[in-house]
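**Student:** Take a look and give me a structure for this.
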Amino acid sequence: MLALTLPAWSPLLVAPFIGSFLGVLIQRLPNDRPVAFARSACAACGTVLSPRDLVPVASFVLQRGLCRHCGSPIGWFYPTVELAALGVAVWSVIACQTPQQVWIGCLLGWTLLTLGWIDALCFLLPDLLTLPLLLCGLGVVIATAPDEAFWHALGAVCGYLGLRGVAVTYRVLRGREGLGAGDAKLLAAAGAWVGAGALPSLVLLAALTGLAWAGLAALAGRSMRATTAVPFGPFLAASFWLVWLYWPIWGLA
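**Tutor:** Below you'll find the model as predicted:
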């Protein structure tokens, strides 16, 4: 495998470029815009950007955050995603023990970063990301710890049915949607990666993190009511990644 032939720190070299692609996914996937074959262009003047305009972080810094063609502000979105992807890589290098684990941790973290960001912006967790993530989780377990495959498959089933059950109960009792199907699919993917035994800790961590965020938002002056919509995906994604990194499947605990 490629991950076995490269040093553990090698994801750090590609992380900003991966982050640039993740920014494209975050912007285009929820709107059904083409991802693979569409050229990047300035949002203000429409000029197609050249490679010198697309160097992660560096282009933004050298151009002082302005479009080289029309002088319009570029915005902090892309450099922020690029730096976040680099942060995922750094964390994976620190937490994981082998190049293979580092690469798996990065790929998982980058996918969850994308999902959490999209949900935060659009209240959407695309099947195009959640369902392959579930299958990849089962594939990784079968390849690395086949004796645990049953418990991870059970985790996927329990994760989906558990949140769907909560969503249906909430809808019956309150007469409105509380959790989307995307949340259940993301928790199913989490179950495939971490196993049934880790799901209670994962859900508890996500819930506590979400409550803490809501409390801080209220203290900051944001109106938080019982009917205020809060995306659960970012908290679920972050908890998913942390539990995978530190749950004792890989001997990392």
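
**Student:** What does the pLDDT read for the residue lying closest to G65 once chain neighbours are set aside?
**Tutor:** Nearest residue to G65 in three dimensions, chain neighbours excluded: I74, at 5.3 Å (CB to CB, 6 or more residues apart in numbering). Backbone N, C-alpha and C define where each C-beta goes, glycine included. pLDDT, the model's per-residue confidence, is 83 for I74.

**Student:** Against P34, how distant is I74?
**Tutor:** According to CB to CB, to the nearest Å, I74 and P34 sit 21 Å apart.

**Student:** which residues in this protein form strands?
**Tutor:** Remark: strands of the chain are absent; assignment by DSSP state E.

**Student:** remind me which residues of it are low pLDDT?
**Tutor:** For the chain, applying pLDDT under 70 flags the ranges 1-6, 36-38, 44, 46, 178, 224, 226-227, 248-253.

**Student:** Buried ones in the biggest helix by length in it, by neighbour count?
**Tutor:** Secondary structure of the chain read by DSSP state H shows that its longest helix is helix 149-174. Of the residues in helix 149-174, those with enough neighbours to count as buried (16 or more other CB atoms under 10 Å) are 149, 151-156, 158-160, 162-164, 166-167.

**Student:** so what are the domain limits for the protein?
**Tutor:** Residue ranges of the domains in the chain are recorded as 1-97, 123-253, according to automatic domain parsing.

**Student:** distance between the first one and the chain's centre?
**Tutor:** Using CA atoms, centre = their mean, to the nearest Å, we find the averaged C-alpha position of domain 1-97 to lie 15 Å away from the chain's own average C-alpha position.

**Student:** Start at 5, not 1
**Tutor:** Sure thing, new numbering starts at 5, so read that last one as domain 5-101.

**Student:** Which stretches in the protein count as helices?
**Tutor:** With DSSP H as the criterion, the chain has helices spanning 6-9, 15-32, 62-66, 81-99, 103-126, 131-148, 153-178, 185-198, 203-223, 237-250.

**Student:** now the angle from the longest one to helix 237-250?
**Tutor:** Right, helix 153-178. With axes from the mean of the first three to the mean of the last three CA atoms, to 10 degrees as the basis, helix 153-178 and helix 237-250 are set at 160 degrees to each other.
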